[in-house]
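In: let me see the structure of the following:
(one chain, ligands or ions: 1)
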Amino acid sequence: MADDRPILMFDSGVGGLSVLAPTRVLLPQSSYVYVADNGGFPYGVRSEAEIAARVPALLGRLVERYRPRLVVIACNTASTIALGAVRAALDLPVVGTVPAIKPAAEASKSRAIGVLGTDATVRQPYVDDLSARFAADCTVLRHGSARLVELAEAKLRGEPAEPADYEAALAGLLDQPGGERIDTVVLACTHFPLVADELAAAAPRPLSFVDGGPGIARRVAFLTDGQLWPAIATGEAVFTAPLDIGEPLRAELAARGLDAVSVL
Ligand code: DGL
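Out: Below is the predicted model of the structure:
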């Protein structure tokens with residue numbers, strides 16, 4: 001007996017690949033449909049109303065089409081704005097990706113942490129709430145960077161970047177009053193773990209970067225424990241708008257098990 005239903009992962013672009021990779025390590029037996037909403041990209045500069053209207057409707061369509069066993073919203077922006085609405089609309093488990101403030105607060109020795117996300121994510125009440133619940137005794141500074149999202153997309157397309165771009169993104173966080181005490185930085189956008197090495201190289205001092213991806217992977221493994229799996233696991237990348245994909249990105253997708261590429 002086999003169960004062919006895939007796990008569906010969703011992001012505005014390639015960022016969710018940072019969640020797919022650790023999930024595939026734990027669940028190599030699963031099929032995956034990875035959806036990049038390039039037709040709506042970038043989410044981080046959009047309004048709450050735009051995200052709240054777009055994401056639940058699109059996921060409803062995707063679930064009808066691909067019949068997944070579980071959905072992962074591998075995007076902090078979409079999760080912090082629309083997770084509740086998506087869960088209410090879909091009759092299957094939905095795992096969200098929200099800033100990993102709790103593990104960062106547990107790890108910080110200086111009791112000052114940074115939250116690096118999109119502009120839309122860092123202004124969410126969801127982040128106020130996580131900070132109040134899990135980092136009440138920490139200084140929590142935030143910075144939104146649309147540029148870092150572009151840099152991660154460009155990296156996977158094989159385009160070079162200047163270290164100064166990464167330095168500037170970090171400076172937006174570290175140069176705030178109190179920023180000199182930060183020892184731990186939450187990568188609160190799924191695009192950012194894709195450029196964690198570049199960020200570490202550009203940092204003016206050693207910083208710990210906290211990535212929520214492995215925690216999401218464990219949650220997905222827990223929720224699917226004991227289920228049947230396909231006889232042959234497949235991987236497909238789906239884009240919501242036509243694109244000229246290019247060989248470097250195709251290779252990055254294939255390296256993550258996404259051998260087929262299609263447009264919705
Ligand atoms: N990867 C997304 C996130 O985690 C958003 C990037 C964007 O489209 O701005 O927030």
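In: can we go C-alpha only for contacts and neighbour counts from here?
Out: Fine.
In: this structure: strands as residue ranges?
Out: 7-11, 32-36, 70-73, 94-95, 112-117, 139-144, 184-187, 208-211, 235-239, 260-263 (DSSP state E).
In: now distance to the ligand too, for the ones you listed, in JSON lines please.
Out: Below are those laid out as JSON lines (distance: least, Cα to the nearest ligand atom, whole Å):
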{"stretch": "strand 7-11", "distance to the ligand": "6"}
{"stretch": "strand 32-36", "distance to the ligand": "10"}
{"stretch": "strand 70-73", "distance to the ligand": "9"}
{"stretch": "strand 94-95", "distance to the ligand": "13"}
{"stretch": "strand 112-117", "distance to the ligand": "6"}
{"stretch": "strand 139-144", "distance to the ligand": "10"}
{"stretch": "strand 184-187", "distance to the ligand": "9"}
{"stretch": "strand 208-211", "distance to the ligand": "11"}
{"stretch": "strand 235-239", "distance to the ligand": "13"}
{"stretch": "strand 260-263", "distance to the ligand": "18"}
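In: mean neighbour count for those - can I get that in JSON lines?
Out: Output for those, formatted as JSON lines (neighbours: other Cα atoms under 10 Å):
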{"stretch": "strand 7-11", "mean neighbour count": "26"}
{"stretch": "strand 32-36", "mean neighbour count": "26"}
{"stretch": "strand 70-73", "mean neighbour count": "24"}
{"stretch": "strand 94-95", "mean neighbour count": "20"}
{"stretch": "strand 112-117", "mean neighbour count": "27"}
{"stretch": "strand 139-144", "mean neighbour count": "21"}
{"stretch": "strand 184-187", "mean neighbour count": "26"}
{"stretch": "strand 208-211", "mean neighbour count": "21"}
{"stretch": "strand 235-239", "mean neighbour count": "21"}
{"stretch": "strand 260-263", "mean neighbour count": "14"}
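In: dump these to TSV, plus mean pLDDT.
Out: Listed next are the strands of the chain as TSV, based on pLDDT from 0 to 100:
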stretch	mean pLDDT
strand 7-11	98
strand 32-36	98
strand 70-73	98
strand 94-95	98
strand 112-117	98
strand 139-144	97
strand 184-187	98
strand 208-211	97
strand 235-239	98
strand 260-263	96
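In: looking at those, spot the one closest to Leu253.
Out: Closest of these to Leu253 is strand 235-239, at 7.4 Å (criterion: Cα to Cα).
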